[in-house]
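K.L.:
could you look at this predicted model? Sequence included:
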Amino acid sequence: MSKLPKLSVTIDHLPACNTDALLLTDAQQLMQTFVADHHTTLGTELIELQQALGRVLATDLISPIDVPAADNSAMDGYAFNSASLKNFASSPISLKQIGTALAGKPFLGDIPIGACIRIMTGAIMPCGCDTTIPQELVQADGKQISFSATTIQAGDNRRQKGEDLKKGQPAILAGKVIRPADLGLIASLGISQVKVHKKLRVGFFSTGSEIRSLGQALDPGCIYDSNRYTIFGMLSRLGVDLVDFGVVADDLTELRNTFSQAAITCDAVITSGGVSVGEVDYTKQIMQEMGDIGFWKLAIRPGRPMAFGSINVDSHQCVLFGLPGNPVATMVTFYQLVQPTLLKMAGASHTTPPVAKARLSHIIRKSPGRTEFQRGTLSLGSDGMAIVTALPSQGSGILSSMSQADCLIVLGHEQATVDAGELVDVLVFEGLI
């Protein structure tokens, strides 16, 4: 990895608060501002289209052709000139069939008024035709067709040249995270390679002398490392290059060495644990020694003890996310704060997670003064409205509840108790595309 220049701003110049809990919206804005120009340091690369899923487009993609390239039929049926309709004072209308047009094999002659051709979906509309009537609406004997004049209007079922995209028009704007539909759209333009931002390199590790890796024996008071696998899974979906630093004990020397490695080799590093106020929670101390701290506490639940800042080693700077050790808090803070920031660093233009509305099935008691996230499950009411139910176990250490849930219920900072039947914001875990 090449050396990283200083980011566009320093933590010291941002309106953060290291002693009081920071509002979620303020924290999100601080993080976005801090990394605003980071993607310009990543560089770009030209890659094959089949490798582009999940990558961030680096330049506007301009259509080199009209899509469709010519007027064509949107249906299997019969194409004719709509002036033919005026020749009949009443139904039924009869037209003489004089040929056939297939997709990729157009009919090359002219179509006089009073005549038609058999046409398939996608076939070019021949000269003189502007309307297609679906085959199920006509009676045909191979020589002519007949149909009611009330079943069709001039121009029906015709796709016009450039209706989807015109030549020279931007097809996809820079900053778009390429999805399956985008792959198809790009392929439809005849483009086989796209320019994307190079991948972020993100390191991650768990901290704590009580953490054990899989395969190790559990000593009394120790736990298996789950957060590192959760973080691995969440990062994998972002299409970044991963560096797994494993489990790092509560030891200042070992932590300093790991942070130094991360600063030199990574764009960002994510830790879990070590951001509380315990005697051996050293992450804050190291951040103060080796970099900057933007904030340390958030007015959210779960996830209050979360750190954001940077580690600086020589001319290298690495963005640091210090996540809470509790498994649910780790995931909540990742999706609310880390993922949008990493997407911004990667050059994505849209970084905020989509929010939907659902009707609450029961009362949730809450006091104003912090943003709360509760695990929930969605169902469909008899009226077609989404209904959300909070799971009974909401402790920040109960990872099984995140496995059982399919959404997070978002209760705003100033929001108080919410009664059954009220609409609430929800963050749905799985998206369609």
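P.N.:
Now that the structure is in, tell me what you want to look at.

K.L.:
where does pLDDT dip in this structure?
P.N.:
By pLDDT under 70, the weakly predicted segments of the chain are 1-19, 88-90, 275-281, 432-433.

K.L.:
any idea how it splits into domains?
P.N.:
In terms of domains, the chain is parsed into 11-43+198-345, 72-159, 356-428 (source: automatic domain parsing).

K.L.:
output the ones you listed as a markdown table; include the columns mean neighbour count and distance to Arg179.
P.N.:
Just so you know, the C-beta spots here come from the backbone N, C-alpha and C atoms, and that holds for glycine as well. Output for these, formatted as a markdown table (neighbours: other Cβ atoms under 10 Å; distance: least, Cβ to Cβ, whole Å):
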| stretch | mean neighbour count | distance to Arg179 |
| --- | --- | --- |
| domain 11-43+198-345 | 19 | 12 |
| domain 72-159 | 17 | 24 |
| domain 356-428 | 16 | 16 |
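
K.L.:
now those in CSV, with distance to Gly184?
P.N.:
Formatted as CSV, the domains of the chain follow (distance: least, Cβ to Cβ, whole Å):
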stretch, distance to Gly184
domain 11-43+198-345, 19
domain 72-159, 15
domain 356-428, 24
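
K.L.:
what's the helix or strand containing Leu342 in contact with?
P.N.:
Using DSSP states H and E, Leu342 maps to helix 339-345. Contact partners of helix 339-345, identified using Cβ atoms under 8 Å, 6 or more residues apart in numbering, comprise 28, 31-32, 35-36, 38-39, 42, 56, 177, 200, 202, 234, 238, 240, 267-268, 319, 321, 350-353.

K.L.:
what packs against the helix or strand just after that helix?
P.N.:
With elements assigned by DSSP H and E, the helix or strand that comes after helix 339-345 is strand 356-360. Applying 3 or more Cβ pairs under 8 Å, 6 or more residues apart in numbering; DSSP states H and E, one finds that strand 356-360 contacts strand 386-390, strand 407-411, strand 423-428.

K.L.:
tell me what angle strand 356-360 forms with strand 407-411.
P.N.:
Inter-element angle recorded for strand 356-360 and strand 407-411: 80 degrees (by axes from the mean of the first three to the mean of the last three Cα atoms, to 10 degrees).

K.L.:
centre of the chain to strand 356-360, how far?
P.N.:
On the basis of Cα atoms, centre = their mean, to the nearest Å, strand 356-360 is displaced by 20 Å from the centre of the chain it belongs to.

K.L.:
stretch 377-396 now?
P.N.:
Stretch 377-396 has its average C-alpha position 23 Å from the chain's average C-alpha position, going by Cα atoms, centre = their mean.

K.L.:
with just CA atoms, put it into CSV.
P.N.:
What follows is stretch 377-396, C-alpha atoms only, in CSV (Å, rounded to 0.1, in the frame of the first residue of the first chain):
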residue,chain,number,x,y,z
THR,A,377,-38.9,-8.9,13.6
LEU,A,378,-41.1,-7.8,10.7
SER,A,379,-44.4,-9.2,9.6
LEU,A,380,-47.2,-8.1,7.3
GLY,A,381,-50.5,-6.9,8.7
SER,A,382,-53.9,-7.8,7.2
ASP,A,383,-54.0,-4.3,5.7
GLY,A,384,-50.7,-4.8,4.0
MET,A,385,-48.8,-2.6,6.4
ALA,A,386,-45.5,-3.7,7.9
ILE,A,387,-45.6,-4.6,11.6
VAL,A,388,-42.6,-4.7,13.8
THR,A,389,-42.2,-6.5,17.1
ALA,A,390,-39.2,-6.0,19.4
LEU,A,391,-37.5,-9.2,20.6
PRO,A,392,-37.9,-9.8,24.4
SER,A,393,-34.1,-10.0,25.0
GLN,A,394,-32.4,-6.6,24.3
GLY,A,395,-29.2,-6.9,26.3
SER,A,396,-26.1,-5.7,24.4
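
K.L.:
what are the boundaries of the helices in the stretch 1-150 of the chain?
P.N.:
Taking DSSP state H, counting those that start in this stretch as the criterion, the stretch 1-150 of the chain contains helices spanning 24-34.

K.L.:
OK, contacts around Glu210?
P.N.:
Gly221, Cys222, Ile223.

K.L.:
please tell me how far it sits from Glu430.
P.N.:
According to Cβ to Cβ, to the nearest Å, Glu210 stands 32 Å off from Glu430.

K.L.:
out of the domains of the chain, the one nearest Leu49 is which?
P.N.:
domain 11-43+198-345 (15.1 Å; Cβ to Cβ).

K.L.:
returning to that earlier point: of the contacts of Glu210, closest to Asp182?
P.N.:
Ile223 (41.7 Å).

K.L.:
surely the closest one and Ser213 touch.
P.N.:
No: using Cβ atoms under 8 Å as the test, Ile223 is too far from Ser213 to be in contact (11.1 Å).

K.L.:
what bridges to the nearest residue to Asn157 once chain neighbours are set aside?
P.N.:
Excluding the flanking residues, the one nearest Asn157 by Cβ to Cβ, 6 or more residues apart in numbering is Thr132, at 3.9 Å. Taking DSSP bridges as the rule, Thr132 bridges to Ala79.

K.L.:
OK, contacts around Thr132?
P.N.:
Per Cβ under 8 Å, 6+ apart, neighbours of Thr132: Ser73, Ala74, Met75, Gly77, Tyr78, Ala79, Ile119, Met125, Asp156, Asn157, Arg158.

K.L.:
and of these, the nearest to Thr389?
P.N.:
Nearest member of the contacts of Thr132 to Thr389, counting by Cβ to Cβ, is Ala74, at 43.4 Å.

K.L.:
what about that closest one, distance to Met120?
P.N.:
Ala74 is 11 Å from Met120, by Cβ to Cβ.
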